[in-house]
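# Let's see this in three dimensions:
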Amino acid sequence: MKYFVDEGSIVRQIWGKGDTILFIFAGSSAEFALNKAVDWLYYTGRLPADPLGRLFSTVSYARGIVFSENEAALQVIDKIAHIHKAVETNRGAEIPDWSYRDVLFMLIDYSIRSFELLERKLTRKEKEDVFEVFNRMGLRMGIKDLPLNFKEWQVMRQAHLEQDLLKSTFTVDLYRQYRKHLGPFRYMVLKQVQVMLVPAAVRKLLELGSTPYLLPILGLYKLTRIVKLDQILRNTMLPKAYKAQVQDLDAGK
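You can find the predicted model right below:
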């Protein structure tokens, strides 16, 4: 059986662990808030109304691509493209090409950053594998002017960080929604994870600071995996309403 993502791919390891997935979206939630096209995320009203629900919805799509056989994965990608086109039609405007690229670039970057923070450094070949998988997804969606290789992606990614980010009223409101839905303690944890994950340009615009106070705790958290306490601790980091979704994040569930 042919899969969209090879069974031996590092991408399956990255997206097969709940911890890594939550970190990917912790980082992405910071950069989403700064994207100059973030108004598109507000158009339907679903993101500010339920940011955690949108997270798990996005995860389900991503997992449907990473762990499905090729034809099924292509159907998921086509469905994502169709949803975006429908939003464009309803609004009577097109989502900028650079915004599509930026979101795709975030998935690549935070997949790498999250795995390296929680597990180990990736080899150049493994990073290129991550790039190749998500770039194929972008090509299938019809995203224009995608990089040809990992090196070109690195250049374009840096240009995005310098040109396409802006702190706006949407940024402030989205963080207000994060705090509302997470509560003060979980919100603090989210921001600390972001400090450890996001590029310097993102930290600066969001005024997150540069001191990762939770870094020592992260080391202790890794040790809890040995005695199987990590899932218990992880489940406490999201509201009870999402307990089942958190438990289902690990591959095979």
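
# Tell me the secondary structure of Lys121, please.
Assigned by DSSP: H, G, I helix; E, B strand; the rest coil, the conformation of Lys121 is coil.

# Sketch out the low-pLDDT regions of the stretch 151-253 of the chain for me.
215-253 (pLDDT under 70).

# And the helices in it?
Assigned by DSSP state H, counting those that start in this stretch, the stretch 151-253 of the chain shows helices spanning 169-182, 184-197, 200-206, 215-224, 230-235, 243-247.

# For the one helix or strand Val87 maps to, name the packing helices and strands.
If you go by DSSP states H and E, Val87 is part of helix 70-91. Counting contacts by 3 or more CB pairs under 8 Å, 6 or more residues apart in numbering; DSSP states H and E, helix 70-91 packs against helix 39-43, helix 51-66, helix 124-141. In short, each C-beta sits where N, CA and C put it, glycine included.

# please redo it, this time with the cut-off set to 6 Å
helix 51-66, helix 124-141 (3 or more CB pairs under 6 Å, 6 or more residues apart in numbering; DSSP states H and E).

# Against which helices or strands is the shortest one packed?
Using 3+ CB pairs under 6 Å, 6+ apart as the contact criterion, the secondary-structure elements in contact with helix 51-66 are helix 70-91, helix 169-182.

# Quick one: those helices as TSV, columns for mean neighbour count and distance to Pro199 too.
What follows is those, written out as TSV (neighbours: other CB atoms under 10 Å; distance: least, CB to CB, whole Å):
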stretch	mean neighbour count	distance to Pro199
helix 70-91	14	25
helix 169-182	16	16
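
# any chance of those in CSV, plus distance to Ser210?
Below are the helices and strands packed on helix 51-66 laid out as CSV (distance: least, CB to CB, whole Å):
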stretch, distance to Ser210
helix 70-91, 35
helix 169-182, 18
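
# out of those helices, nearest to Arg136?
helix 70-91 (8.9 Å; CB to CB).
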